[in-house]
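Peer 1: I would like the atomic coordinates for the input below:
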Amino acid sequence: MGKKQRLQSPSGMHDVLPEDQKYFDKLYNIAENLASFYGFEKIETPVMEFSELYEKGTGLNTDIVEKQMFSLKTKGGDHLALRPEFTPGIIRAFIQHGMMSLPQPVKLFSIGSVFRYESPQAGRFRQFRQIDFEVFGEKSPAIDAQVIQVFYNLLSELKFKNLIIEVNSIGANCCRHYFKKILTSYLRSRLNSLCLDCKRRARENPLRFLDCKEEKCQPIKVQAPQIIDHLCEECHNHFKETLEFLDELGLPYRLNPYLVRGLDYYTKTVFEIFADAPGQENILPIALVGGGRFDALGKVIGNKDIPACGAAAGVERIVSLMKENKLRVGPEMKRDVFLAQVGGLSKRKSLKLFEELRQAKIPVAESISKDSLKVQLARADRLGVRYALILGQKEALEKTVILRDMQKGTQDTIKIEKAVHEIKKCLKRKR
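Peer 2: Below is the predicted model:
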């Protein structure tokens with residue numbers, strides 16, 4: 001018999017423990033408040049979709065589809081995939097449920113898990129969470145600026161410092177096809193100097209070369225033609241207006257001619273938002289948000305002309321930075337009352353009293369599983385509660401309860417049906 005393997009979470013997938021939930025909750029609350037203010041409505045799509053949705057939408061030649069997608073075949077022969085990103089599923093739902101007939105634009109947001117098969121390392125997981133905002137049915141560059149503004153506000157409200165927006169335009173089919181030819185021609189004479197991935201990209205998807213981080217490709221990238229110099233008039237004007245909106249909003253941005261994002265469906269505006277890692281000045285800023293415009297995706301997925309723009313934020317990366325920044329996420333609920341009990345009958349009575357206190361919206365702590373009064377009152381002391389309600393066998397039989405002032409050490413016996421009323425009076429005097 002081999003050594004028995006201890007059951008653990010799968011590689012690259014992690015538990016979110018209770019002490020970390022407060023960070024996730026704070027982030028989600030800010031996202032939901034922003035969504036409400038800017039008019040985004042929540043949508044939940046299945047965690048699994050037909051693989052074809054991502055092959056057509058995200059792109060067959062993207063790293064996500066080629067290397068990172070979790071795929072399976074059902075007993076019925078369906079080819080499904082765990083969602084590696086939100087956008088194709090949301091636009092599929094938009095088309096399937098006839099949202100094109102709603103007043104446009106339609107603004108939708110999602111929060112949930114996505115899955116990518118990557119080599120697990122610090123900050124990279126195979127199951128992670130994203131906050132996703134999408135706008136459908138509007139071509140205006142004002143929407144591009146608003147999506148950027150929403151995510152910038154999200155990070156600003158978390159007190160992140162030195163935020164910077166990197167922005168570029170990758171044009172649309174009208175001008176990108178021509179630029180790909182120029183870039184392919186440039187790369188052809190330099191193939192031997194490229195990394196292995198970029199040799200393949202030069203044939204299949206030359207724009208992705210501009211996104212390469214390999215050191216050996218950097219000198220070639222610096223000299224490469226830039227798409228911003230080859231935009232058609234429409235794409236040029238769209239980008240110019242987007243930047244004018246960002247200027248008007250006072251958002252800090254810089255042009256990055258090498259920013260293309262890793263997904264095939266992007267058109268025109270693409271952007272990422274970065275924040276500095278505290279105490280790590282020599283380390284590159286961390287990309288927390290990425291997105292852009294994807295006007296052609298509706299055509300690819302449902303043969304519908306749906307102008308759209310959106311972005312996603314990486315939850316785990318943001319939470320990690322929140323912790324590094326020692327962000328205050330608010331104290332736990334202060335409990336001023338502790339309910340203690342001794343004996344079987346009093347335990348049953350205390351359960352009912354606990355519910356009455358909850359319905360009266362009085363925060364109360366308890367150790368309902370403990371029998372020792374000494375242990376329970378010691379916990380009440382540690383929690384710093386002002387008042388304790390104590391139910392013993394005698395009190396349970398007499399339908400009374402002891403109300404103890406933990407600070408003064410005084411106590412009174414009161415009728416159990418008046419306990420909530422008396423506690424309210426005590427708490428009012430305390431304030």
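
Peer 1: Packing partners of the longest helix seen in the chain?
Peer 2: Secondary structure assigned by DSSP state H gives helix 18-38 as the longest helix of the chain. In this structure, helix 18-38 makes packing contacts with strand 41-42, strand 106-115, strand 127-136, helix 141-157, helix 315-324, judged by 3 or more CB pairs under 8 Å, 6 or more residues apart in numbering; DSSP states H and E. In this view, the C-beta of every residue, glycine as well, is placed from N, C-alpha and C.

Peer 1: just how off-centre is the last one within its chain?
Peer 2: In terms of CA atoms, centre = their mean, to the nearest Å, the gap separating the centre of helix 315-324 from the centre of its chain is 10 Å.

Peer 1: go on, the shortest one?
Peer 2: Offset of strand 41-42 from its chain centre (CA atoms, centre = their mean): 14 Å.

Peer 1: Return the list of strands paired to it, each annotated with direction.
Peer 2: As defined by DSSP bridges, the strand partners of strand 41-42 come to strand 106-115 (parallel).

Peer 1: Would you mark the buried spots in the strand it pairs with?
Peer 2: The neighbour-count check on strand 106-115 (16 or more other CB atoms under 10 Å) flags 106, 107, 108, 109, 110, 111, 114, 115 as buried.

Peer 1: what do you get for stretch 373-383?
Peer 2: 373, 376, 377, 380.

Peer 1: tell me which of the buried residues of strand 106-115 is nearest to residue 88?
Peer 2: Taking CB to CB as the measure, residue 88 lies nearest residue 114 of these, at 11.4 Å.

Peer 1: ok, now which ones touch the closest one?
Peer 2: 82, 83, 84, 85, 86, 127, 128, 129, 130 (CB atoms under 8 Å, 6 or more residues apart in numbering).

Peer 1: so which pair among those is furthest apart in space?
Peer 2: 86 and 127 (14.2 Å).

Peer 1: Of those two, give the one with the bigger neighbour count.
Peer 2: For residue 86 versus residue 127, neighbours defined as other CB atoms under 10 Å are more numerous around residue 86 (23 against 16).

Peer 1: and the nearest residue in space to the more buried one that is not next to it in sequence, what is it in contact with?
Peer 2: Spatially, and ignoring its direct neighbours in sequence, residue 86 is nearest to residue 132 (4.0 Å; CB to CB, 6 or more residues apart in numbering). Applying CB under 8 Å, 6+ apart to residue 132 gives the contacts 86, 87, 90, 109, 110, 111, 310, 311, 312, 313.

Peer 1: if I look at residue 373, how far off is residue 353?
Peer 2: In this view, residue 373 and residue 353 are 16 Å apart by CB to CB, to the nearest Å.

Peer 1: nope, residue 111 is what I meant
Peer 2: Applying CB to CB to residue 111 and residue 353 gives a distance of 37 Å.

Peer 1: which one of the contacts of residue 114 has the most neighbours?
Peer 2: residue 83 (25 neighbours).

Peer 1: Now it: phi and psi?
Peer 2: Note on residue 83: its backbone torsions stand at phi -60, psi 130 [degrees, to the nearest 10].

Peer 1: Read off the pLDDT value for it.
Peer 2: For residue 83, the pLDDT comes out at 95.

Peer 1: Show the contacting residues for it.
Peer 2: 45, 46, 47, 48, 49, 54, 89, 114, 115.

Peer 1: mind running it again at 7 Å?
Peer 2: Residue 83 makes contact with 47, 48, 49, 89, 114, 115 under the criterion CB atoms under 7 Å, 6 or more residues apart in numbering.

Peer 1: ditto for residue 124
Peer 2: Contacts of residue 124 by CB under 7 Å, 6+ apart are residue 118.

Peer 1: Any chance of CSV for the buried residues of stretch 373-383, columns secondary structure, distance to residue 240 and pLDDT?
Peer 2: CSV is the format used below for these (DSSP: H, G, I helix; E, B strand; the rest coil; distance: CB to CB, whole Å; pLDDT from 0 to 100):
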residue, secondary structure, distance to residue 240, pLDDT
373, helix, 74, 87
376, helix, 69, 89
377, helix, 70, 88
380, helix, 65, 88
